[in-house]
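Participant: quick one, fold the following:
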Amino acid sequence: MHKIPVNILLLALLGIVFVAFYVNAEESNQQVELSLQDCISLALKSNLNIRIQNLNPQIQDSILLMTKGRYDPSLSFNINTSSSEGKSVSQKTNAQSFGFGIKDPIITGGEYGISLNSSRSDSDSISQSLNPAYRSGTVFSISQPLMEGFGIGLNRIPIIIAKNNKDISTLRLKSQLIKNLTDVQNTYWELVFAIENLKVQELALKQAQDLLNLNIKLKENDKASLSDILQAQSAVASREADVLSAKDAIKDAEDKLKRITNIIQDESQWEISIIPTDTPISEEISVDIQDSIALALEKRPEYLQAKLDVENSDLTVKLAKNQKLPIIDLDGSLSLNGLGDKFSEPYSQVGKAENRTWTAGIALRMPLGGKSDNGYLKKSQLEKEQKLLALKDQEQQVIADVRSAVRQLDTGIKRIQATTKAEEFARQVLATEEKKYSLGLSTSYNLLQFQANLATATKNRLRAVIDYRKSVVNLYQSQGVTLDRLNIAFEE
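Facilitator: Residues are numbered from 1 along each chain as shown. Just a heads-up that it's a prediction; the model follows:
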């Protein structure tokens, strides 16, 4: 089966769902029919938690771009003019200059640059042989750290950490998607249960009302006692309360579903009733616990986040260790100079490299004490240890989640089988007791008790079916495959 990308899914379904929601609500007395897929689509589009988390990868992408920007070249330009006069000797000097250059960082940690400078000066001093004098120069420079800050791998660490942080934010978004879609499915099935449970409670109420009416007629013929009527009246009142509670449960489930899917656009729409169109399927699913654990450790976003956190902390320790090294920089430059009394003359000299100057040197700087660097290294090592412990804890949490989900799945199918039998036996017992009551061989108390037993048995069967459906949803969440099972392709 092909997976449906999120964007295509939204474009294809959401417009239909939104229109159907509001049009159907108006045309069907404030009721709307929604399938489970409709609710999932609405949640993907409108859930506020998902929309909030969706911004984090974009923020981290901007940070990654900023980090890469440290290796962008920079351009400089300057222009100056000056004039000076001497007091003791009558002389005046005017000068104008301009220059521009470019510097480009190197991935090894160094930097190279090229600059061009040109100036013109004129003076009434007899000591200036060229008047005006034109000077120009081209300078090639390079600087490379030899210990602290040296190395391609070391200088790529900030970029790698920024990429990992982006991946972490993406995994958090995926985790939020899985959580919300799991909540949507579980809430949908809780609404299904609440609606079916109301039917059970209404049937139990009708049975009590029928018995009350029957006892009133029998009392008129002296075939029932006042106690029989009072018992039936008590049961009617009690079951009316059960019906009210069941209706409240429906409204609670509807409100939660509306909140998760964020389909409410104004206050009046809170009163719209949701009619689920899907029914739970209780086919048995066979799961191997070890395979499920292995799959979860491969897919769970929380575990993958923890692994990236460990990788980032390890890279930070490497940076901290490098910062403890002495700062030794190798610097070198080559300057090509020219001088003349015409504007073009110094440039021709530069081109011929007739006047050149080169420099080379090593600069050393070593902080005394090293408290700052030692503290940073110690902090980084402790944080790495903390991340390793968090990874181990997350691994144990993943394993515990999977084991619990698999147990619930195994127990769930057995609960369905047991509660189905119990319901059938309760139905048979009630039918037998009704026949006995019609022959005067039973009491109102017994009949009401068996009616309540059947209602409880039916409710327990419904609960088991819904819980099994939810346990399948929770299993997929524990394995980290919710999106795959819903055929939703997660695209960054």
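Participant: buried residues, stretch 264-277. List them.
Facilitator: Neighbour counts over stretch 264-277 (16 or more other C-beta atoms under 10 Å) mark 272, 274, 276 as buried. For glycine as for every other residue, the C-beta is placed from the backbone atoms N, C-alpha and C.
Participant: what ranges do the strands span in this protein?
Facilitator: 4-5, 31-34, 74-85, 92-105, 111-123, 133-145, 273-276, 327-340, 355-365, 488-489 (DSSP state E).
Participant: what is the last one packed up against?
Facilitator: Taking 3 or more C-beta pairs under 8 Å, 6 or more residues apart in numbering; DSSP states H and E as the contact definition, the neighbouring helices and strands of strand 488-489 are strand 4-5, helix 6-27.
Participant: what's the separation between residue 297 and residue 476?
Facilitator: As judged by C-beta to C-beta, to the nearest Å, residue 297 and residue 476 stand 15 Å apart.
Participant: quick one, which of those two is more surrounded?
Facilitator: Neighbour tally, residue 297 and residue 476, criterion other C-beta atoms under 10 Å: the higher count belongs to residue 476, 21 against 18.
Participant: OK, contacts around the more buried one?
Facilitator: Counting by C-beta atoms under 8 Å, 6 or more residues apart in numbering, residue 476 touches 182, 482, 485.
Participant: which of the residues you listed lies closest to residue 100?
Facilitator: Among the contacts of residue 476, residue 482 lies closest to residue 100 (C-beta to C-beta), at 57.6 Å.
Participant: what about that closest one, distance to residue 180?
Facilitator: Taking C-beta to C-beta, one finds residue 482 at 10 Å from residue 180.
Participant: cool, and residue 459?
Facilitator: From residue 459 over to residue 180 the distance is 29 Å, taken as C-beta to C-beta.
Participant: one more: residue 446?
Facilitator: On the measure of C-beta to C-beta, residue 446 and residue 180 end up 49 Å apart.
Participant: ok, now residue 288?
Facilitator: For residue 288, the distance to residue 180 - C-beta to C-beta - is 28 Å.
Participant: dump the strands of the chain to JSON lines, plus distance to residue 374 and mean pLDDT.
Facilitator: Formatted as JSON lines, the strands of the chain follow (distance: least, C-beta to C-beta, whole Å; pLDDT from 0 to 100):
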{"stretch": "strand 4-5", "distance to residue 374": "51", "mean pLDDT": "47"}
{"stretch": "strand 31-34", "distance to residue 374": "61", "mean pLDDT": "90"}
{"stretch": "strand 74-85", "distance to residue 374": "33", "mean pLDDT": "87"}
{"stretch": "strand 92-105", "distance to residue 374": "28", "mean pLDDT": "86"}
{"stretch": "strand 111-123", "distance to residue 374": "28", "mean pLDDT": "87"}
{"stretch": "strand 133-145", "distance to residue 374": "20", "mean pLDDT": "89"}
{"stretch": "strand 273-276", "distance to residue 374": "62", "mean pLDDT": "92"}
{"stretch": "strand 327-340", "distance to residue 374": "16", "mean pLDDT": "88"}
{"stretch": "strand 355-365", "distance to residue 374": "17", "mean pLDDT": "88"}
{"stretch": "strand 488-489", "distance to residue 374": "48", "mean pLDDT": "80"}
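Participant: among these, which is nearest residue 423?
Facilitator: Ranking the strands of the chain by their distance to residue 423 (criterion: C-beta to C-beta) puts strand 273-276 first, at 21.7 Å.
Participant: can you name every helix or strand that that closest one contacts?
Facilitator: Secondary-structure packing of strand 273-276 (3+ C-beta pairs under 8 Å, 6+ apart): strand 31-34, helix 152-220, helix 226-261.
Participant: tell me how far the second one is from the chain's mean position?
Facilitator: Taking C-alpha atoms, centre = their mean, to the nearest Å, one finds the center of helix 152-220 at 19 Å from the center of the full chain.
Participant: with the first one instead?
Facilitator: Computed by C-alpha atoms, centre = their mean, the separation of strand 31-34 from the middle of its chain amounts to 30 Å.
Participant: what does the last one give?
Facilitator: Using C-alpha atoms, centre = their mean, we find the averaged C-alpha position of helix 226-261 to lie 39 Å away from the chain's own average C-alpha position.
Participant: tell me what angle that helix forms with helix 152-220.
Facilitator: 160 degrees (axes from the mean of the first three to the mean of the last three C-alpha atoms, to 10 degrees).
Participant: now do residue 438 against residue 447, distance only.
Facilitator: Distance from residue 438 to residue 447, by C-beta to C-beta: 10 Å.
Participant: helices of the stretch 251-400 of the chain, start to end?
Facilitator: Secondary structure of the stretch 251-400 of the chain (DSSP state H, counting those that start in this stretch): helices located at 289-299, 301-323, 345-352, 371-438.
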